Structure formats: C-alpha cells, structure tokens
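1. turn this into a structure:
(chains A, B and C)
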Amino acid sequence: MTNLRRRAVIAVDLDYFYAQCEEVRDPSIRDKPVVICVFSGRTEDSGAVSTANYVARELGVRSGMPIAFAKKILKSHQDARFLPMDLEYYQSVSERIMEIIRSKGEKFEQASIDEAYLEIGRNDGDDFGLAEDIGRKIKEEILSSEKMMSTVGIGQNKLMAKMAVDSKKPNGFTIIPAGSERLFLNPLPAGKLFGVGPKTEKKLNSIGIRTVGDLASADQKLLSDLFGKKLGPELHEMANGIDESLVLDRPAEQFSRIVTLKRDSEGFDFYDVLKPLCEDLSSKLSYASIKCKSIGIIAITNELKVKTRAKTISEAIQSSDKIQEIASELFSSFFGKQYNPDEGRFKVRRIGVRISDFVESGDSKANTLEDFL
DNA sequence: AATACCGGCGAGT
DNA sequence: TCATACTCGCCGGTATT
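-> From the prediction side, this is the model:
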C-alpha cells in the first residue's frame, strides 16, 4: 500500500508563444506591439486576436478580442504589427522544443502546442533539487537553441507545477515546495485554480466561496450536490493541492477543422466549403496511419451557439471523399430539420467537420489478414 | 443493469 | 468593440444489448 508517490513535476510553458515565434523570425519587431490575428475574411478586420506579445498586452490587447478592437487600442502606435496566424511555422518550432524537453526525462506529456510536463523521480527529503537542475537546463537550452523565452514551474504534481507556471510569467521559474501547497493556494481567488473558469467561479461565489482556501475547507457534500460526483470532489482535492493524474503522452483522440463563412447562411452549397476541411482531416489521418469511425459536423449559429451532429460508422474510413460524403449528409439533415418547432430558425456563421474513434490502419500484417478474411 | 452513443457545455491554449 | 481555431473532459439523456 505504497500509495505515496513521491514525484516532482516540471511544467514548461513557452511565453506568448505565437507572437514570440514571430519575434524570433523577425527580431526587428521585438519591442513593438505584436498581435497574432485569425482573420475570418468577412470584412477587412473581422476576426479575433489569438495572442499578443507583452508590449501589446500592457496596452490592453487580450486574446479572444476582436481584431478591430485591438486596432482601436493601438491606434496611436503606428509601429504595431498585426500578423496573420502561421500555425505551420509555430508547429515546426514547437516540435523542436518539445524534443528538447522530452529528452530530459522519462515521463513526458505534451499538453498543447506550447506546454509540456516532465516527471522526475524524487527521493525522500530531496526538495526538488534534481528537478530544479533539469528545469534550468531546459530553460537554457530553449533559449540558446531557439532564442525563445519560457516559463518553468515545479511542484509535486501536474496541478501544482501548472499553478507555479501561472504564478509568474513570462520568463518565470517558480518552485512550490512539497508541503507548502496550501500556503500557496489559499489566498488565490477561486478562479485562478486551474480548471475553474468564469462559470464555475460564479457558481462558487454564489455559495460564498471566493478564495481557493474557502474552497479547500468547503462542505464536500455541498460541492458534490452543486457540481456533480466528478467535479465536486475534484474541486475539493485541487484546492488542497492534490492531483494524482499521471504524466502521460497520449495520442490525440479527435481532429477537427472549422471555418467562418463569408456570410451567415440558412442553407447553402456546402460542397466547396467542406472540401478543404475534409482534405486536411484526411491527410492528418494518413500521416498518423489511422482511420476514423466517427464523423461529426459543427455549426456555430449567428447567435454564437454551438450545435453538433455526429455519426458512427461500422467501417473505418480515411479518404477525404468518404469523410465529405458523410459530413454532407449530416449537414443536409441538419438543415432539413432546422425549421422544426423545437429548434426554431437560425442562421449559421461557422461550420466545421470533426473526426474521432480512431483505429490503426495501413501496413500491419494483421490488417492485411483482416482484409483477406 | 451495464455499456455505447449523442449533443450540450465548460475550460484551456 | 463584435466576437478564431482548435483540443479535451464531463453531464444528462437515450439507445442498445
């Protein structure tokens, strides 16, 4: 019954990643406001801000903000740069940096394009000494080989490592010593706890919980009643710095592609719009040597409500044409039914395709045999 | 009764 | 202000076995 796992977890976060990639590519923009934009193509400036460097953030630019608003804020800054998101480039930078991190330990997990965890074994009494050395090495190597600033956080689990990262960025290096979790967490507003977003925070506030400390000592039955049998207990554990989740690098379980339409539509010829989305998804499948058994569509209405429909098939597929055929069917019945009294009538602003339920495919002998039988 | 699937929602980058 | 493009996880409801 040695349930006491002594571990040190290092979290690495690449600072303002997309914008920093652009700074590395063109160092002359380093001290200018840099805003990474996803242009939707509806009008000149329609779309949203993906991320921005700290020069722009200090002037008030935030991710998720409409591009037009960011431009208004930076009106008096003629040197500001509004650059279109170049995900392929960021992806290639990310892959090289992830290799640096992965090579420094045995248990590695990539959490997003710019975040990763590394687990380091720890002896009793050893206060993250080894983890600290490795964390510093990672930071140095990312800086020397990619000229990129990063933030490192260390704690006894993924949650605490993440909270350490969030406590000081950019260019941070924070350790939360084992045993001092509550001290660190208690004074924070509940919404700062990883996983507690605006909705959950509002609900917590409504029952008098404002800080993580309040949450840590809240009535557990009340939490379960309000948040369910999973999130309720989990909130209480997290507030106490407890997180047993493993550092584990798993393959993706779904892919999706989505675009904004030129104008809101009630029904349209979706063939042309769907085609490139399905082609992208198909090539991702092919690259990973997998097929999918579930195909879904996503529609975002003019009121920004998300609607989804999905279909599971018995025969796994990979080709763009087959994905597109099923997605088209789903859209047809979706538009066919959108006038029923339940749903009401709405227009669609963005549409997308999603695939999941992956199975191995391709060159294994087992597959050849299965095909034969 | 257990499991699978579906669609909505919340959170994060 | 006028609101992107992803990924993951949970919830409750319903269908399947």
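
2. does stretch A:148-160 reach DNA strand C?
-> No - for stretch A:148-160, no contact with DNA strand C is found by C-beta under 7 Å from any atom of the strand; the gap never falls below 11.9 Å. (Glycine included, C-beta is placed from N, CA and C.)

3. for that stretch, how far is the first residue from the last?
-> 24 Å (C-alpha to C-alpha, to the nearest Å).

4. and DNA strand B, is that stretch touching that?
-> No - residues of stretch A:148-160 contacting DNA strand B under C-beta under 7 Å from any atom of the strand: none, with a closest distance of 10.7 Å.

5. where do the domain boundaries of chain A fall?
-> Per automatic domain parsing, the domain ranges recorded for chain A read A:2-17+A:88-179, A:19-86, A:182-239, A:254-371.

6. how far does the third one sit from its chain's centre?
-> The offset between the C-alpha centroid of domain A:182-239 and the centroid of the whole chain comes to 22 Å, using C-alpha atoms, centre = their mean, to the nearest Å.

7. stretch A:139-149 too?
-> For stretch A:139-149, the distance to the chain centre is 23 Å (C-alpha atoms, centre = their mean).

8. pLDDT averaged over that stretch - what is it?
-> Average pLDDT, stretch A:139-149: 98.

9. which bits of the stretch 201-350 of chain A sit near DNA strand B?
-> A:201, A:294, A:296, A:305-312.

10. quick one, what contacts A:Leu226?
-> For A:Leu226, the contact set (C-beta atoms under 8 Å, 6 or more residues apart in numbering) comprises A:203, A:207, A:232.

11. got the contact list for A:Phe128?
-> Contacts of A:Phe128 (C-beta under 8 Å, 6+ apart): A:8, A:122, A:154, A:175, A:177-178.

12. ok, and the most crowded of those residues?
-> Highest neighbour count within the contacts of A:Phe128: A:Ala8, with 27 neighbours (other C-beta atoms under 10 Å).

13. if we can go back for a sec, tell me the one among the contacts of A:Phe128 nearest to A:Thr51.
-> Using C-beta to C-beta, A:Ile154 is the member of these that lies nearest A:Thr51, at 24.6 Å.

14. most neighbours of all the residues of the stretch 201-350 of chain A next to DNA strand B, which one?
-> Neighbour max across these (other C-beta under 10 Å) = A:Gly296, 20 neighbours.

15. doesn't that residue belong to a strand?
-> Yes - under DSSP: H, G, I helix; E, B strand; the rest coil, A:Gly296 sits within a strand.

16. give me the subset of the contacts of A:Leu226 lying in helices.
-> If you go by DSSP state H, the contacts of A:Leu226 have A:203, A:232 in helices.

17. tell me the buried residues within the contacts of A:Leu226.
-> A:Gly232 (16 or more other C-beta atoms under 10 Å).

18. of the contacts of A:Leu226, closest to A:Glu106?
-> For those, the nearest to A:Glu106 is A:Gly232 (33.8 Å; C-beta to C-beta).

19. can you give me the helices for chain A?
-> Going by DSSP H, chain A shows helices at A:17-25, A:54-58, A:67-73, A:87-102, A:129-146, A:158-167, A:181-185, A:198-206, A:212-216, A:220-239, A:271-287, A:320-337, A:365-372.

20. that older thread, of all the contacts of A:Phe128, the one with the weakest confidence?
-> Lowest-confidence member of the contacts of A:Phe128: A:Arg122, scoring 86 (pLDDT).

21. ok, that residue touching A:Ile154?
-> No - if you go by C-beta atoms under 8 Å, A:Arg122 and A:Ile154 don't touch, sitting 10.4 Å apart.

22. give me the common contacts of those two.
-> Common neighbours of A:Arg122 and A:Ile154 (C-beta under 8 Å, 6+ apart) are A:8, A:128, A:131.

23. now the residues you listed as JSON lines including distance to DNA strand B?
-> Listed next are those as JSON lines, based on distance: C-beta to the nearest atom of the strand, whole Å:
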{"residue": "A:Ala8", "distance to DNA strand B": "20"}
{"residue": "A:Phe128", "distance to DNA strand B": "22"}
{"residue": "A:Ala131", "distance to DNA strand B": "20"}
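
24. before we move on, the earlier item: looking at the contacts of A:Phe128, spot the one nearest DNA strand B.
-> Nearest to DNA strand B among these, counting by C-beta to the nearest atom of the strand, is A:Ile154 at 16.4 Å.

25. residues contacting the closest one?
-> The contact partners of A:Ile154, taken as C-beta under 8 Å, 6+ apart, are A:8-11, A:128, A:131-132, A:135, A:161, A:164, A:174-176.

26. cool, and A:Glu237?
-> Shown in contact with A:Glu237 (C-beta under 8 Å, 6+ apart): A:Asp243.

27. likewise A:Met65?
-> Going by C-beta under 8 Å, 6+ apart, A:Met65 touches A:48-49.

28. retrieve the pLDDT associated with it.
-> 97.

29. repeat for A:Lys311
-> pLDDT, read off for A:Lys311, is 97.

30. my guess is it meets A:Ile326, correct?
-> Yes - the pair A:Lys311 and A:Ile326 qualifies as a contact (C-beta under 8 Å) at a distance of 6.0 Å.

31. and the stretch 101-250 of chain A, which residues reach DNA strand C?
-> A:227-231, A:250.

32. pull out the buried residues from the residues you listed.
-> Buried among those (16+ other C-beta under 10 Å): A:227, A:231.

33. what about the stretch 1-150 of chain A, any weak spots by pLDDT?
-> Applying pLDDT under 70 to the stretch 1-150 of chain A picks out residues A:1-5.

34. thanks a lot, catch you later.
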